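*Asks:* 3D model of this:
(chains A and B)
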Amino acid sequence: MGVNELSNVSSGEVVVELRNVRKEYPTGWGGTILALDDVSFEVYRGEIFGLVGPNGSGKTTTLKLILGLIFPTRGEIKVFGSSPFDISVKNRIGFLPDGPYFYDFLNADELLDFYGRLFGYSKSEREERVERLLDLVGMKRFRKMPLRNYSKGMMQRIGLAQALINDPDLLLLDEPTTGIDPIGAHDIKQLLLQLRQQGKTIFLCSHLLADVQMICDRVVILNLGRVIRKGTVKELLEPTAVTEVVARDVSEEVFERVRGLGVTTERRDGEVVFRLSDHDRVPEVIDAIRACNGHITSITRLTETLEDVFIKAVREAGAPEIT
Amino acid sequence: MRVTWVIARNTFQEAIRRKFFWVVFLFALVAIASANLFSGIAPGEEKKFVFDFGLGSITLFGMLITIFLGATMIPSEVDRRTIFTILSKPVRRWQFLLGKFLGLALTTLVTVACMGILLVVIHSYVAKGLDVNVIKAVALAFFQLLIIGAIALAASTRGSLAFNIVFAVLIYFVGAQSSSLLALAEPEKHLAVERAQHEEAISWKAYVFRGVLKTVYWLVPHLDNFDVRQAIVTESVVPWQTVINSILYGLLYCSVLILVAVVLFQDQEF
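*Replies:* Residues are numbered from 1 along each chain as shown, chains lettered A, B, ... in the order given. Have a look, this model is predicted:
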């Protein structure tokens, strides 16, 4: 069972809303390149929302629109019910960019203190937050080292710490586990799950589809600036589910009869494998096997991975539009 | 103002931790300190030489620091993508830009103050007494640099690094000759009447040319207002009113530039 099926504290309150958003970038000489086209989705409070897509699909553009770093050509964006340019919104969000770069003349202590100052925290409050966050991301040992000497993984950890400096209600993360070792990546995923338990909303952009499948409640797949799939992880994977019944000592008569029910069959190492996409027919198949004194070895429910769904969906896409 | 100050403080901190800053700054201090050694080139004119050489060093090295910092400020924030995390915090764009300018102003102030103190000390030693005119000249040099820094910063909201540097240097040289522009644009006030009439009779092109010159004159900063070297070298007294007027002009010019920069920056996409 995926983690996303364990607990979903989503409240139904919309935190981020995109309505028919279109974004074009100028290419010079009056031309434009379409980055997003008619993109609409919502992110609910308390969920981990995954935005996935191949390179150039519009993930970072979407993030920048939500952060108010760029302006939509058309459509509406609301964050906590307000414009993303509203300064009060920014008090409630934390952001980790992809491949983060920070002021490399500072050390971790100074950097987090700087971000804390931007929120107007007192000295003692800043010290308490810096201490707690450095501990949380495992960077206490390196707090006095200038950032210019940090590895990519260390930078990612400190980036996560700065994103959490204001204890945000909405955390926007662009590839948070990129460049981090497996243990570090595992720690970050656990941290995100903990934050969700605390009622935080997490908006995650990632290429690591196994991670997205594991921790996200809902997913939007973008391709060439368009939403090509959206739904809960279960909704995306469910249509691909099959029940696989493996049996031995199945008579030829039963084999043919079951195959006649429209069930995919396969002979493998003296056993017969029946694959049913119509799960209601499973008892019928089991009864038929038992009726001929066949032995059922296993009954397994199989689904494709998010990666399989993603690849299939993306392959249906067309070419980018340049006007 | 708190957020603006946080940005300004960080900008200053960044500037003074750059190797470039220290190389130029130390070189400037060495140049000013050695002014007395070279003053033997002009026997009997040591005082003037020290002042001229020292103020020239302050302007040259101050300009190197100010233009470089001003021109790189916004492009480097965008290239390093540090601007993403700053503007995703409760920081308004104008606060960010104003903070950057104040950080640049603070860096220029500290740089010019250090160089200026050194010049005043050496000049006082050579002149065997404190000359207030030197302090006035250093103060005016600071405001001159502030204008150039504001130009570089305003250009950096849209331009590339190379463009910003070239643009700021160009404006400096044109601004330093602004009164010559006016003389060319209004020859009747500066030339003999007959000659002016003759020029006007030559062609309509003169009107266009003069119009362009006048426009440029009004647009570029009148940096020659800040240059009191001639007065000091001729041992005239620089009136306080001139200093105050120039400073007020400098502050006004910088305010307009920052306002323009804020407008340009407001709908900038990152």
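*Asks:* Mark out where each domain of chain A begins and ends.
*Replies:* A:3-237, A:242-302 (automatic domain parsing).
*Asks:* could these be laid out in a markdown table, adding distance to chain B, mean pLDDT and mean neighbour count?
*Replies:* For glycine as for every other residue, the C-beta is placed from the backbone atoms N, C-alpha and C. Below are the domains of chain A laid out as a markdown table (distance: least, Cβ to the nearest Cβ, whole Å; pLDDT from 0 to 100; neighbours: other Cβ atoms under 10 Å in any protein chain shown):
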| stretch | distance to chain B | mean pLDDT | mean neighbour count |
| --- | --- | --- | --- |
| domain A:3-237 | 4 | 89 | 19 |
| domain A:242-302 | 41 | 81 | 14 |
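*Asks:* Export the ones you listed to a markdown table and append columns for distance to residue B:239.
*Replies:* Formatted as a markdown table, those follow (distance: least, Cβ to Cβ, whole Å):
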| stretch | distance to residue B:239 |
| --- | --- |
| domain A:3-237 | 43 |
| domain A:242-302 | 91 |
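*Asks:* Ok, which of the ones you listed comes nearest residue B:133?
*Replies:* domain A:3-237 (38.5 Å; Cβ to Cβ).
*Asks:* which one is residue 88 nearest to, not counting chain neighbours?
*Replies:* In the absence of a named chain, chain A is used. residue A:82 (6.8 Å; Cβ to Cβ, 6 or more residues apart in numbering or on different chains).
*Asks:* That was the other one, I meant chain B.
*Replies:* Nearest non-adjacent residue to residue B:88 (Cβ to Cβ, 6+ apart): residue A:95, at 4.0 Å.
*Asks:* In this model residue A:172 seems to touch the one you found, though I could be wrong.
*Replies:* Yes - when contacts are counted by Cβ atoms under 8 Å, residue A:95 is listed as touching residue A:172 (4.7 Å).
*Asks:* what do the two both touch?
*Replies:* Common contacts of residue A:95 and residue A:172, defined by Cβ atoms under 8 Å, 6 or more residues apart in numbering or on different chains, comprise A:63, A:67, A:163, B:88.
*Asks:* Let me know the closest of the residues you listed to residue A:313.
*Replies:* The closest of the shared contacts of residue A:95 and residue A:172, once distances to residue A:313 are taken by Cβ to Cβ, is residue A:63, at 20.5 Å.
*Asks:* Surely the closest one touches residue A:204?
*Replies:* No - when contacts are counted by Cβ under 8 Å, residue A:63 is not listed as touching residue A:204 (10.2 Å).
*Asks:* joint contacts of these two?
*Replies:* Joint contacts of residue A:63 and residue A:204 (Cβ under 8 Å, 6+ apart) are residue A:51.
*Asks:* before we move on, the earlier item: residue B:245 is nearest to which of the domains of chain A?
*Replies:* domain A:3-237 (37.6 Å).
*Asks:* Report the backbone C-alpha coordinates of stretch B:64-83 in PDB.
*Replies:* In PDB, the C-alpha atoms belonging to stretch B:64-83 read as follows (Å, rounded to 0.1, in the frame of the first residue of the first chain):
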ATOM      1  CA  LEU B  64      35.200  51.200 -10.900                       C
ATOM      2  CA  ILE B  65      33.600  49.900  -7.800                       C
ATOM      3  CA  THR B  66      30.300  51.700  -8.100                       C
ATOM      4  CA  ILE B  67      29.700  50.900 -11.800                       C
ATOM      5  CA  PHE B  68      30.800  47.300 -11.500                       C
ATOM      6  CA  LEU B  69      28.600  46.700  -8.400                       C
ATOM      7  CA  GLY B  70      25.600  48.600  -9.800                       C
ATOM      8  CA  ALA B  71      25.800  47.000 -13.200                       C
ATOM      9  CA  THR B  72      26.100  43.400 -11.900                       C
ATOM     10  CA  MET B  73      23.600  43.700  -9.100                       C
ATOM     11  CA  ILE B  74      20.300  42.700 -10.800                       C
ATOM     12  CA  PRO B  75      21.800  40.500 -13.600                       C
ATOM     13  CA  SER B  76      23.700  38.400 -11.000                       C
ATOM     14  CA  GLU B  77      20.600  38.000  -8.800                       C
ATOM     15  CA  VAL B  78      18.800  36.700 -11.900                       C
ATOM     16  CA  ASP B  79      21.600  34.500 -13.200                       C
ATOM     17  CA  ARG B  80      22.200  32.900  -9.800                       C
ATOM     18  CA  ARG B  81      18.500  32.700  -9.300                       C
ATOM     19  CA  THR B  82      18.800  34.100  -5.800                       C
ATOM     20  CA  ILE B  83      16.000  36.500  -6.800                       C
END
